[in-house]
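Visitor: here is a sequence with its predicted model. Questions after.
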Amino acid sequence: MPSNEMNAMIVCEKNLDITVVGEIVARLREALAAGPVVEIDAAAVERVDTACLQALCVFSREAKINGVSLNWRSVSPSFRAAADLLGLASHLGLPA
């Protein structure tokens, strides 16, 4: 998961739904403890549900509280559309 000594990288699978939210939360917690920068690559995401978006919103807030920078490497159109539909793009810190 770490992309170098200072950064953690999370590469999202194509389906982010309730069946994988526990795994996502565990990966996010590990990344939060890994270093000052966390990068998330959501380029492959074809489907995302509210459970995973909620977990990512909580992570984004926790990262800010802990002084960890969250960078989105890439975001698929499906991921962006779901976040926009729910009004969560700004909460997630998605690039414009």
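Guide: Thanks, I have it.

Visitor: other residues contacting stretch 89-96?
Guide: By CB atoms under 8 Å, 6 or more residues apart in numbering, the list of residues contacting stretch 89-96 from outside reads 53, 56, 57, 60, 61, 70, 72, 75, 80, 83. All C-beta atoms are positioned from the backbone trio N, CA, C, and that covers glycine.

Visitor: average pLDDT for stretch 68-87?
Guide: If you average the pLDDT over stretch 68-87, you get 96.

Visitor: measure it end to end?
Guide: One end of stretch 68-87 sits 23 Å from the other (CA to CA, to the nearest Å).

Visitor: show me where this protein has strands.
Guide: With strands called from DSSP state E, the chain shows them at 7-11, 15-16, 37-42, 47-48, 69-75.

Visitor: flag every buried residue along the top helix by length along the chain.
Guide: In the chain, with assignment by DSSP state H, the single longest helix is helix 50-65. With burial defined by 16 or more other CB atoms under 10 Å, the residues of helix 50-65 counted as buried are 51, 52, 53, 55, 56, 57, 59, 60, 63.

Visitor: swap in stretch 78-90?
Guide: 78, 79, 80, 82, 83, 88, 89.

Visitor: before we move on, back to that, dump the strands of the chain to JSON lines, plus distance to residue 31 and mean neighbour count.
Guide: Shown next, in JSON lines, are the strands of the chain (distance: least, CB to CB, whole Å; neighbours: other CB atoms under 10 Å):
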{"stretch": "strand 7-11", "distance to residue 31": "4", "mean neighbour count": "18"}
{"stretch": "strand 15-16", "distance to residue 31": "15", "mean neighbour count": "20"}
{"stretch": "strand 37-42", "distance to residue 31": "5", "mean neighbour count": "21"}
{"stretch": "strand 47-48", "distance to residue 31": "18", "mean neighbour count": "18"}
{"stretch": "strand 69-75", "distance to residue 31": "9", "mean neighbour count": "16"}
